[in-house]
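Colleague: my questions concern the predicted model and sequence given below.
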Amino acid sequence: MEALRNPEQRLCVRARHPCGPGGVIGTDLPVCCWWQAAGPGCSPALCLGMLCGAVAVLTPSSVPCPAEWRPAVMLAALDCADEANQQVCAEFGITGFPTLKFFRAFSKKAEDGIRIAHPTATVADLRRAIITNLEQSGDAWPPACPPLEPASAEEVHSFFHRNTEQYLALIFEKSNSFVGREVALDLLQYENVAVRRVLSSEEELVEKFGVTTFPSAYLLLRNGSFFRLPVHAEARSFYTYYLRALSGVTRGSYRLNVTSSAINETRALQPVRADSSKLYVADLESTVHYTLRVEAGRPAVLAGAQLAALKCYVATLAKYFPGRPSVQTFLHSLDSWLRNWTEPELPRSTLKEAVKNKEDAIPAAVLPTNITWVGCRGSEPHFRGYPCGLWTIFHLLTVQAAQGGPDQELPLEVLNTMRCYVKHFFGCQECAQHFEAMAAKSMDQVKSRDEAVLWLWSHHNEVNARLAGGDTEDPQFPKLQWPPPDMCPQCHREEQGVHMWDEAAVLSFLKEHFSLGNLRLDHAIPIPRAGEEVVASARLVTAGLREKEEEERKEEEERDKEREKETEKPVRESETGRPGSSELRRPSIVRRNPRLQALGEDIVDLDSFSEQHFKSKALRAAGRHRRLSKRDTVALHHDIALCLVLRRAAWQTPESWLGSPLLPKAQHRTAASMHCYIIGVQICRPAWLRGQPAVLAAPHRPSCYSSFIR
Ligand SMILES: Cc1cc2nc3c(=O)[nH]c(=O)nc-3n(C[C@H](O)[C@H](O)[C@H](O)COP(=O)(O)OP(=O)(O)OC[C@H]3O[C@@H](n4cnc5c(N)ncnc54)[C@H](O)[C@@H]3O)c2cc1C
């Protein structure tokens, strides 16, 4: 432990997180907390949690957030069980644990510390004790601390004349309430907004704003207008969240550890319009591409646990990743390839070949090779991007696993995959160590797939809390306890001034947020089109067949030539743009969805396709005389082509299909063809659709079924 003195001669102590992996959490203090690691007094929630900012998450598993009230209030925590700290603990006269002492600004000696709380105090008690002591600072008022005393009518009336802020938030409350002061400290690091508490006894203001509820909050704008904050609950976390999200309000000069050179070197990214309530296919595919082709491709040779981690990761993706059909095919074929790789070592060059796209395969196996961030795009290139994508992928996989199988079965399947992946491949080694420490502590307590979803959510929030205000935080995307109240009001509640999560509501929210219906294609790179893929495969299949037939039965081919031309016509016409052209033309069976044209995604008109298909077969049947086996083969190939169509179309699951903005209403199927479609999908059985409730719930239609098989 290292004692320092800052320019204001405040006593500063460098401290370590006693129960965690050992990160420095505070460098100077007017508040100091001592406890014994791994002893009965070890209470990180008590020691660290009291200064948490907007949304104080103090569930047992959460490490409290770093001090959002800096620089008005600094926090240090010291582990007196650590031999290296013994001398300083003795110097401060610490005999019991936990002990909390408050040092006013400009304190000079160990004896200046004021013991502030009883060990049984709640986190809310501790926060209030700090505020009470701050208010008693007198002449030693910390320069960075906002005014905490109640505002007068005069101060409010002249506020915009004397200040440059865009907004003034007034928290109307009873005199014994701490909400206003806590919100004022929560907003301390934010620019363009000021917060003042107004007591219910301030009649002029109460009357002017028509206040009837205490607490309640009002926002005043420079143009003189005002409104009551439309929050789900009249509580600190809701006010703080709302105010921090106001347009023009950003975390300002109190951002921690940001060097000016780092700011100068950065270049702003072109903004893209992303909706934070959606998931973007571009983010997901960019992340999978980066994991497989960049991170997994770094070691010269993969062996042992690292090779096992890659196999496990790809197997999990193949099982649960809701990709576009070509991406699905890519993952499935890579998974089979890896399963068949039984050598103890996998050289990088071999893996590099294995992860190449196979555009010409039937069906195509393509994972786009570009990196495009949409929902994960940072305001500058060094913010967000890949780590954001990696979190998103694993949240998605835990949710997909929870949707797709018995809850108790393999609860740790996805979490273990993530743990292995992060440990062996994630380039940010510090992140990997932190994550491993969290995993080692509690991951094995997860008993169901739903718990796995919640474990990842709560631990991601721990990371958010730890990183909030740090130099990796994108100022345009402040780290929040997620989902924030405007995304999921029912996920939040406050009990006796302490924020609580409603975990059942969080679970439902996560299942909805990380569902297929919430995926958006904006900015996703186009990959082979449904129609082209189908027609190309139909053409190749037919060509292959013809070759074979020519070899085997030249004579018969000659005789049937005329008839074959006739029977193949519908498909052939759609194969080529014009006679003799090698260019593929969009077949008439494919209607284009204008929203998807840019992406090359097609909406397949199954009605006209099946009409053509069966017309073609009927013609053949009419001409049937003795080559049944060949016609059966042709029909089978048509069915394969049909399966490709269905696989493509099935990427939009039936339930999202009907309501999906991806599909114009005019192209919604009739109920009958929808059922045929569903049954068709079941015939083809793309693995990723098996077990989808909408498919299973579809009424069985033997007529459709038989007509689709033949
Ligand atoms: C395993 C792991 C460990 C990491 N450890 C560190 C570290 O120790 N130090 C460090 O500096 N950086 C670490 N990072 C990176 C850091 O967590 C962020 O990913 C990065 O700073 C980008 O942040 P972001 O703002 O894009 O949001 P992210 O935190 O990356 O979140 C991505 C998206 O997920 C959603 N989301 C946010 N919170 C939750 C939640 N609780 N549950 C579900 N969804 C949520 C939001 O939509 C958000 O935009 C780690 C990343 C990973 C994947």
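Modeller: Perfect, I can see it now.
Colleague: any stretches of the stretch 151-300 of the chain with poor pLDDT?
Modeller: For the stretch 151-300 of the chain, applying pLDDT under 70 flags the ranges 253-271.
Colleague: can you pull out the helices in it?
Modeller: Assigned helices in the stretch 151-300 of the chain, in chain order: 153-157, 159-162, 179-186, 203-209, 236-244, 260-265, 281-289 (criterion: DSSP state H, counting those that start in this stretch).
Colleague: between the ones you listed, which gets nearest to the ligand?
Modeller: helix 281-289 (9.0 Å; CB to the nearest ligand atom). To be clear about C-beta, it is placed using only N, CA and C from the backbone, and glycine gets the same treatment.
Colleague: now Gly389, what are its backbone angles?
Modeller: phi -60, psi -40 (degrees, to the nearest 10).
Colleague: tell me who's in contact with it.
Modeller: Taking CB atoms under 8 Å, 6 or more residues apart in numbering, we find Gly389 in contact with Asp283, Leu284, Ser286, Thr287, Tyr290, Trp373, Cys376.
Colleague: make a markdown table out of the helices of the stretch 151-300 of the chain and add mean neighbour count.
Modeller: Shown next, in a markdown table, are the helices of the stretch 151-300 of the chain (neighbours: other CB atoms under 10 Å):
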| stretch | mean neighbour count |
| --- | --- |
| helix 153-157 | 14 |
| helix 159-162 | 12 |
| helix 179-186 | 26 |
| helix 203-209 | 15 |
| helix 236-244 | 25 |
| helix 260-265 | 9 |
| helix 281-289 | 25 |
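Colleague: so where do the strands sit in the stretch 451-600 of the chain?
Modeller: With DSSP state E, counting those that start in this stretch, the ranges of strands along the stretch 451-600 of the chain come out as 492-495, 498-501, 519-520, 590-591.
Colleague: ok, which of these comes nearest the ligand?
Modeller: strand 498-501 (10.3 Å).
Colleague: any bit of the closest one sitting next to the ligand?
Modeller: No: Strand 498-501 does not reach the ligand (CB under 6 Å from any ligand atom); its nearest approach is 10.3 Å.
Colleague: tabulate the helices of the stretch 151-300 of the chain (JSON lines), appending distance to Pro387.
Modeller: JSON lines is the format used below for those (distance: least, CB to CB, whole Å):
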{"stretch": "helix 153-157", "distance to Pro387": "43"}
{"stretch": "helix 159-162", "distance to Pro387": "40"}
{"stretch": "helix 179-186", "distance to Pro387": "26"}
{"stretch": "helix 203-209", "distance to Pro387": "44"}
{"stretch": "helix 236-244", "distance to Pro387": "22"}
{"stretch": "helix 260-265", "distance to Pro387": "17"}
{"stretch": "helix 281-289", "distance to Pro387": "9"}
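Colleague: can you say which of those is nearest to Thr99?
Modeller: Among those, the nearest to Thr99 by CB to CB is helix 179-186 (23.1 Å).
Colleague: got the strands of the stretch 451-600 of the chain as JSON lines, with mean pLDDT and mean neighbour count columns?
Modeller: Conversion of these to JSON lines gives the following (pLDDT from 0 to 100; neighbours: other CB atoms under 10 Å):
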{"stretch": "strand 492-495", "mean pLDDT": "87", "mean neighbour count": "17"}
{"stretch": "strand 498-501", "mean pLDDT": "86", "mean neighbour count": "20"}
{"stretch": "strand 519-520", "mean pLDDT": "95", "mean neighbour count": "20"}
{"stretch": "strand 590-591", "mean pLDDT": "28", "mean neighbour count": "19"}
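Colleague: picking up where we left off before, turn the helices of the stretch 151-300 of the chain into JSON lines, columns for distance to the ligand.
Modeller: Listed next are those as JSON lines, based on distance: least, CB to the nearest ligand atom, whole Å:
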{"stretch": "helix 153-157", "distance to the ligand": "35"}
{"stretch": "helix 159-162", "distance to the ligand": "33"}
{"stretch": "helix 179-186", "distance to the ligand": "19"}
{"stretch": "helix 203-209", "distance to the ligand": "35"}
{"stretch": "helix 236-244", "distance to the ligand": "14"}
{"stretch": "helix 260-265", "distance to the ligand": "14"}
{"stretch": "helix 281-289", "distance to the ligand": "9"}
